[in-house]
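Student: A predicted structure for the sequence below; I have some questions about it.
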Amino acid sequence: MQGADHIDLSGQVAIVTGGTRGLGRHIAAALARSGAQVTVCGRTAPDSLPEGVVFQAADIRDADQARALVDAVVATHGRLDILVNNAGGSPQAAAATASPRFFDSILKLNLHAAMYMAQAAFAHMQPRGAGSIVNIASVSAIRPSPMTAAYGAAKAGLLSLTQSLAQEWGPDGVRVNAIIAGLMQTENAEATYGDAEAQAAVGRSMPLQRMGTGDDIAGAVLWLCSGLASWVSGARINVDGGGERPYFLDLVKG
């Protein structure tokens, strides 16, 4: 990763939800390279993890398991400095026929779990008067999200939650920010965008001429968790390569 590894987070303790793969894995690896003690969570253990990253099983859609995870990390390390709420995602589903069970499951993963983790983290950050919580949102939160309407609604809720928690918890020294991730290349990119040729075409349509990577998101997380962002809270930072090209421009003649 270029330009971010110089940030020193030595001695700090971090949790990254959904950190066993995809963007979360990149975030966890970057935090570990910067000196933090990093725990990632999920329902099943991965085959491997980046150096300096440990795994603890937890289904954070359950408030009790979320709290137990945070308590266990604090019991091991004596503190918690950083929480990255990265767990999320959604398969495609037509809004007209999506079941109540499906809608509830998407909200639980993308919104409820972040609230449960934030509450559990705040209980330990507040007495120390310091902490950084970073919520990983999506461009689906700020523009129409057809076929993933529940996901877009959940991520929009996460942005609102970010600003509300920043207001409530700022006096206790806890900063809460959100990253709005743009179109990303992950191991699941083919299912979303198509083959390598299609992904390259998507990248060329963006101002910076490529799709985003896990390292792009990780760099923003490192900055938000560092002293360089000590007066940044309640922010919604777009990490999206300049944004998506408005479709109408391709329809304009002349």
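Tutor: Good, I have the coordinates.

Student: which residues sit against the strand or helix carrying residue 54?
Tutor: Element membership for residue 54 (DSSP states H and E) is strand 53-57. Contacts of strand 53-57 with the rest of the structure, by CB atoms under 8 Å, 6 or more residues apart in numbering, involve 19-20, 28-29, 32, 38-46, 49, 69, 72-73. No exception for glycine: its C-beta is placed from N, CA and C like everyone else's.

Student: neighbouring strands - and their directions - for it?
Tutor: strand 37-42 (parallel) (DSSP bridges).

Student: can I get the partner strand in PDB, CA atoms only?
Tutor: Taking Å, rounded to 0.1, in the frame of the first residue of the first chain, the C-alpha atoms of strand 37-42 are listed here in PDB:
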ATOM      1  CA  GLN A  37      -3.000  -5.400  17.700                       C
ATOM      2  CA  VAL A  38      -5.800  -6.600  15.400                       C
ATOM      3  CA  THR A  39      -8.700  -9.000  15.900                       C
ATOM      4  CA  VAL A  40     -11.100  -9.900  13.100                       C
ATOM      5  CA  CYS A  41     -14.300 -11.800  13.500                       C
ATOM      6  CA  GLY A  42     -16.700 -13.900  11.600                       C
END
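
Student: so, low pLDDT: which residues of this structure?
Tutor: Low-confidence regions of the chain, defined by pLDDT under 70, span residues 1-5, 188-194, 253-254.

Student: from residue 208, how far out is the residue most central in space within it?
Tutor: Among the residues of the chain, residue 136 comes closest to the average C-alpha position under CA atoms, centre = their mean, at 2.5 Å. Applying CB to CB, to the nearest Å, the value for residue 136 to residue 208 is 20 Å.

Student: ends of stretch 81-89, how far apart?
Tutor: 25 Å (CA to CA, to the nearest Å).

Student: quick one: residue 43 from residue 31, how far?
Tutor: Distance of residue 43 to residue 31, given as CB to CB: 21 Å.

Student: neighbour count winner among those two?
Tutor: Under the neighbour definition other CB atoms under 10 Å, residue 43 and residue 31 were set side by side, and residue 31 has more, 30 against 11.

Student: how far off centre is stretch 83-102?
Tutor: What separates the centre of stretch 83-102 from the centre of its chain is 15 Å, taken as CA atoms, centre = their mean, to the nearest Å.

Student: pull out the buried positions in it.
Tutor: Within stretch 83-102, the residues that qualify as buried by neighbour count (16 or more other CB atoms under 10 Å) are 83, 84, 85, 86, 87, 88, 89, 90, 93, 98.

Student: could you dump those residues to TSV with secondary structure and distance to residue 175?
Tutor: Formatted as TSV, those follow (DSSP: H, G, I helix; E, B strand; the rest coil; distance: CB to CB, whole Å):
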residue	secondary structure	distance to residue 175
83	strand	11
84	strand	13
85	strand	13
86	coil	17
87	coil	20
88	coil	21
89	coil	25
90	coil	28
93	coil	35
98	coil	35
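
Student: where along the stretch 101-250 of the chain do the strands fall?
Tutor: Counting by DSSP state E, counting those that start in this stretch, residue ranges of the strands within the stretch 101-250 of the chain are 131-138, 174-181, 236-239.

Student: just name the most buried of the ones you listed.
Tutor: With neighbours defined by mean count of other CB atoms under 10 Å, none of those is more surrounded on average than strand 131-138, at a mean of 26.

Student: partner strands of it and their direction?
Tutor: According to DSSP bridges, strand 131-138 has the following sheet partners: strand 82-85 (parallel), strand 174-181 (parallel).

Student: ok, residues contacting the shortest one?
Tutor: In other words, strand 82-85. So strand 82-85 is in contact with 9, 12-17, 19, 24, 27, 31, 36, 70, 113-114, 117-118, 121, 131-136, 158, 221, 225, going by CB under 8 Å, 6+ apart.

Student: show me how far that strand is from its chain's centre.
Tutor: 8 Å.

Student: likewise for stretch 235-254?
Tutor: The gap between where stretch 235-254 is centred and where its chain is centred comes out at 22 Å by CA atoms, centre = their mean.
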